[in-house]
Every structure is written in C-alpha cells, then in structure tokens.
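Peer 1: sequence unknown, structure follows:
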C-alpha cells in the first residue's frame, strides 16, 4: 500500500482478528482477555505492514500530544548555546516526545503569537528559555500552564527555573587560584560587581563575583581590585592595558568571559608579561577560543547540554511544578593558564 498510511483496520485484517482485538493488543492493554497467540499475530502484522499509531487520535484518548514547545529569544541562532537545544532534543527523544522550537528575537508581539501557536497545537508543556541568565516576564498566555524557565528567572511566576550555578562557578575560579598558591594580587576584569540584581543587571557577573569573593575571604586571600567593563575582547585588552599603565602588577586575573581573557592575553604580551609565568588567568564560559589560545585557557564551562536536558527531564517528570530554582554545576576545564606565582624579589 505505497503512499497510503497503514491503519489499524489493515493490521486487524492481516492478523485475522477484529479491530477491537487489534486495538487492545497494539495499545498494550492487559485488562482485556486477549490470547497470547492473537496478540502475537497482531504485533507481527503491525511489524510487517509498518504500522505507526495515529498520534492525533491517540492524543484525544490520552489527553497528551507528546510534544513540548520550546520558546527562546535568540538561542537557536547563537553558536555558543546550540548545545542547549541538543540537550533538550536528546532528553525529549528518550521520552518519545517531540520538541517544537521557536525563536522570538526578543520581540514581545512575536513571542505572544508563537506561544499561542504552540498552545493551539496542543503542546503538553512549554520551556521558556533565554540566551543569557536574567530576569524575565513570561507572556500571560503561559500562566497556569505546565512551564519550565530555562536560563532565566521570573519572581512571582509559578514555575521552576533551571540556571547555571554561577555562584559555585565563582567559587571554583577562586579555589583554582588558591590551589595554585595565589592568595593576593588577584584582579577581576569585567566583574560587574556594582550592577544591581535587576532586570537590567548582569546576573551571571554578580553571582560569579559573590562566589569568588566568598572563597577568597574564607581562605584569608584577597581580591585586589575589580575592573568594570563589557564582556568583549576589546574591553579586556583596553582595561588590562590601562591597569598595567597605571603601575599595577596583578599576579592573577579572573576574567568574566573567555573573550575578555583573549584581550587580556594581548595586553599582557604587549607589556612583556607572559601567561601563566607572570600572570595566571582563569575565566568563564569555555568557548571555542579557550582551547586555541596559547597557552590554553583554564575556564569554568557553561553547562549548555545539561541545562537543556535538565529542563526537559523536569517538565516531563511526574511531580507537580512550582516556583523553585534548579542550579546546574559548571565544570572546570583545567588547562595551561594557571600556575604557582613566582617568588617576589
């Protein structure tokens, strides 16, 4: 029957049983008296004919479409976070669910239309995701729905959030330097310590600084200074160059991103300083550039794959969803940019 969908009636005819018997056998029901021989005939006929259940009809019975809506701002077109999608897709596939992926570009009107489109298609749940961790206001259409917030937080919205554990990431950076013997002479570049935790604030920067300062303080170490700047290579280059020109000689830098570290490498090289012999550097994100820098960059990785996976596992779990925060650990990528400081003269 090329070009035609195989129906349950076709399976029943091939197996020589009634459509009701075929239906019960294919649905796996055990509350009806069906002989093992009849069940085996139905399953063999279904396999021979290539039968696939009608998902739409099944969803009417089960009240589940086995689909999840994934609404993001710019994740799908950003190379750094593509693993978020892969993690979500893998977890959904393992649970026999499909993911409908949409992107709003940050446009609220587009967002409302896309969310309504997903709900019109009877998705079982919605993952509301953001490219970088910040506070959001989910659209009103999602209120009262089964929703998980991915890489964002919405105070007052009754849904769990899955975010990177940026506080522990800051602690990891601090412990890495302390383990190498750096107790002072440490500067944070691009720290964003002073920006308030608000919808316009830098959530990751604040949490990383909190963890870093906590670990140094508890160990009797110190952070000599925080240089505020944007998180790009040119900003790291400019601010580290300025720091050196003012006569400061850091023994270690904690850079807010790998891109900032790239700029710091350039500034240090121009000043005749080497990494890590003169200045150790630890960073965050684990972008592709981290493994290509010379020397390779020690950095705390964003757990993109695990974030996407955790959001799907949470939304497909049996437990009721409510406001809570699930932090995903950020692993350390130890490379060659940190070593014990040279003795001072």
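Peer 2: Yep, that arrived. Given the structure is predicted, the values throughout are model-derived calculations rather than measurements.
Peer 1: Low-confidence regions, the stretch 201-345 of the chain specifically.
Peer 2: Within the stretch 201-345 of the chain, the stretches with pLDDT under 70 are 201, 344-345.
Peer 1: Please enumerate the helices of it.
Peer 2: Along the stretch 201-345 of the chain, counting by DSSP state H, counting those that start in this stretch, helices occupy 203-218, 233-245, 258-270, 304-315.
Peer 1: which outside residues touch the third one?
Peer 2: Under the criterion Cβ atoms under 8 Å, 6 or more residues apart in numbering, residues 189-190, 229, 231-241, 244, 253, 255, 274-275, 278-279, 281, 283-287, 289-290, 293, 297, 299, 337 lie in contact with helix 258-270. To be clear about C-beta, it is placed using only N, CA and C from the backbone, and glycine gets the same treatment.
Peer 1: Can I have the buried ones of these as a PyMOL selection?
Peer 2: Buried subset of these, written as a PyMOL selection, criterion 16 or more other Cβ atoms under 10 Å:
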select buried, resi 189+190+229+231+232+233+235+236+237+238+239+240+241+244+253+255+275+279+281+283+284+285+286+287+289+290+293+297+299+337
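Peer 1: unless I'm mixing things up, residue 14 is touching residue 47, no?
Peer 2: No: counting by Cβ atoms under 8 Å, residue 14 stays clear of residue 47, with 10.3 Å between them.
Peer 1: Give me the more crowded residue out of those two.
Peer 2: When neighbours are counted by other Cβ atoms under 10 Å, residue 14 and residue 47 differ, and residue 14 comes out ahead with 18 against 10.
Peer 1: Kindly provide the distance from that one to residue 46.
Peer 2: Counting by Cβ to Cβ, to the nearest Å, the gap from residue 14 to residue 46 is 8 Å.
Peer 1: before we move on, back to that, could the helices of the stretch 201-345 of the chain be laid out in a markdown table, adding distance to residue 157?
Peer 2: Shown next, in a markdown table, are the helices of the stretch 201-345 of the chain (distance: least, Cβ to Cβ, whole Å):
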| stretch | distance to residue 157 |
| --- | --- |
| helix 203-218 | 16 |
| helix 233-245 | 33 |
| helix 258-270 | 32 |
| helix 304-315 | 15 |
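Peer 1: out of those helices, which comes closest to residue 71?
Peer 2: The minimum distance between residue 71 and those falls on helix 304-315, with 11.8 Å, by Cβ to Cβ.
Peer 1: Give me the distance from that closest one to the chain's centre.
Peer 2: Mean-position distance between helix 304-315 and its chain equals 7 Å (Cα atoms, centre = their mean, to the nearest Å).
Peer 1: cool, and stretch 163-176?
Peer 2: The mean C-alpha position of stretch 163-176 is separated from the chain mean by 16 Å, Cα atoms, centre = their mean.
Peer 1: now stretch 319-326
Peer 2: With Cα atoms, centre = their mean, you get 17 Å for stretch 319-326.
Peer 1: which ones are touching residue 186?
Peer 2: 177, 216, 221-224, 250-254 are the contacts of residue 186 under Cβ under 8 Å, 6+ apart.
Peer 1: List only buried entries from the residues you listed.
Peer 2: Neighbour-count burial (16+ other Cβ under 10 Å) applied to the contacts of residue 186 gives 177, 216, 221, 223, 250-254.
Peer 1: Between these, which sits nearest residue 144?
Peer 2: residue 254 (42.6 Å).
Peer 1: if we can go back for a sec, tell me the one of the contacts of residue 186 nearest residue 306?
Peer 2: Closest approach to residue 306 among those (Cβ to Cβ): residue 254, at 23.3 Å.
Peer 1: Which residue, other than its chain neighbours, is closest to the closest one?
Peer 2: residue 188 (4.7 Å; Cβ to Cβ, 6 or more residues apart in numbering).
Peer 1: so that neighbour sits right up against residue 209, yeah?
Peer 2: Yes: Residue 188 lies in contact with residue 209 (Cβ under 8 Å); the separation is 6.5 Å.
Peer 1: Overlap of the contact sets of those two?
Peer 2: In contact with both residue 188 and residue 209: residue 226, using Cβ under 8 Å, 6+ apart.
Peer 1: so for whichever strand or helix holds residue 101, what's the average pLDDT?
Peer 2: In the assignment (DSSP states H and E), residue 101 maps to strand 98-103. What strand 98-103 shows for mean pLDDT is 94.
Peer 1: Same check on stretch 68-83?
Peer 2: Averaged over stretch 68-83, pLDDT sits at 83.
Peer 1: picking that back up, ok, the buried ones among the contacts of residue 186 vs residue 203, which is closest?
Peer 2: residue 254 (17.3 Å).
Peer 1: Name all residues that make contact with that closest one.
Peer 2: 173-174, 177, 186-189, 191, 212, 281-283.
Peer 1: In JSON lines, list the contacts of residue 186 along with distance to residue 314.
Peer 2: Shown next, in JSON lines, are those (distance: Cβ to Cβ, whole Å):
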{"residue": "177", "distance to residue 314": "34"}
{"residue": "216", "distance to residue 314": "33"}
{"residue": "221", "distance to residue 314": "37"}
{"residue": "222", "distance to residue 314": "39"}
{"residue": "223", "distance to residue 314": "35"}
{"residue": "224", "distance to residue 314": "41"}
{"residue": "250", "distance to residue 314": "41"}
{"residue": "251", "distance to residue 314": "42"}
{"residue": "252", "distance to residue 314": "37"}
{"residue": "253", "distance to residue 314": "36"}
{"residue": "254", "distance to residue 314": "31"}
